[in-house]
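In: structure for this input, please:
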Amino acid sequence: MAPTVKEHHAQRRQALLDAAKESLLNPTIRSVNFEAVGPRAGLRRNSVYLYFPSENHLALELADDVLPGYQEQLVAAMKRHREPREQITGFAKVVTASDARLAHEVLRNLENRDRTPEIASKVKEYYLELSRPLVEPLKLLKLTDPDNTAVLLFAMLSATQDIADKVIDAKAAIRRALAVVDAFIPKG
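Out: Model prediction:
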């Protein structure tokens, strides 16, 4: 039986989101634009507008599709540990892992878009949400300003993904980032 119009529309939207993921991970593209995404999803560029009114809308929906699962991975890694220091290290290992690259590319793509108030607000919201699991362990370690420290720590770890293999070897970048985290966290 053929899909209903609503099911067909949902399938096309998902195909466009999947194509956007592929585009972000393709080193020659690394962006979400209709020119790259449409053909990958089997659509002409102009047809993409039937599903997303703008590239920004596609990028935002992609973030809403990818980032909640990434956050679940971060929280799960922290829950495997009881001590705050180990929780933070577990978080750091997920952020710097190679399979976290898509989430980082989604964030980087949003940061590099035209900074409309909506995009700027969503980028801030995503950074706060993704760094939130760090706040409680930082409080338990009695670090000052745990909210902002969490965001800065997450941003530093995220940057490891972007710099790896461009300037220094990926494994060396991850080792150094984890060493910085280890040196930063008070031993208790």
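
In: so how far is Leu141 from Leu153?
Out: Separation of Leu153 from Leu141 (CB to CB, to the nearest Å): 12 Å. Using the backbone N, CA and C atoms, a C-beta is placed for each residue, glycine as well.

In: for the worst-scoring helix or strand of the chain on mean pLDDT, name the packing helices and strands.
Out: Using mean pLDDT, DSSP states H and E, helix 170-184 stands out as the lowest-scoring helix or strand of the chain, at a mean of 86. Secondary-structure packing of helix 170-184 (3 or more CB pairs under 8 Å, 6 or more residues apart in numbering; DSSP states H and E): helix 84-96, helix 146-163.

In: most neighbours per residue, which of those helices?
Out: Of the helices and strands packed on helix 170-184, the one with the most neighbours on average (mean count of other CB atoms under 10 Å) is helix 84-96, at a mean of 21.

In: hey, C-alpha coordinates of whatever helix or strand comes next after that one in PDB?
Out: Sequence-wise, the next helix or strand downstream of helix 84-96 (DSSP states H and E) is helix 101-111. Only the C-alpha atoms of helix 101-111 are listed here, as PDB (Å, rounded to 0.1, in the frame of the first residue of the first chain):
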ATOM      1  CA  ARG A 101      31.300  14.600  15.500                       C
ATOM      2  CA  LEU A 102      27.800  15.000  14.000                       C
ATOM      3  CA  ALA A 103      26.600  16.900  17.100                       C
ATOM      4  CA  HIS A 104      29.600  19.200  16.900                       C
ATOM      5  CA  GLU A 105      29.100  19.800  13.200                       C
ATOM      6  CA  VAL A 106      25.400  20.600  13.900                       C
ATOM      7  CA  LEU A 107      26.400  23.200  16.500                       C
ATOM      8  CA  ARG A 108      29.200  24.600  14.300                       C
ATOM      9  CA  ASN A 109      26.900  24.900  11.400                       C
ATOM     10  CA  LEU A 110      24.400  26.900  13.400                       C
ATOM     11  CA  GLU A 111      27.100  29.200  14.800                       C
END
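
In: helix or strand right after helix 101-111?
Out: Downstream of helix 101-111 (by DSSP H and E), the next one is helix 117-140.

In: for that following helix, buried residues please.
Out: 119, 122-123, 126-127, 130-135, 137-138 (16 or more other CB atoms under 10 Å).
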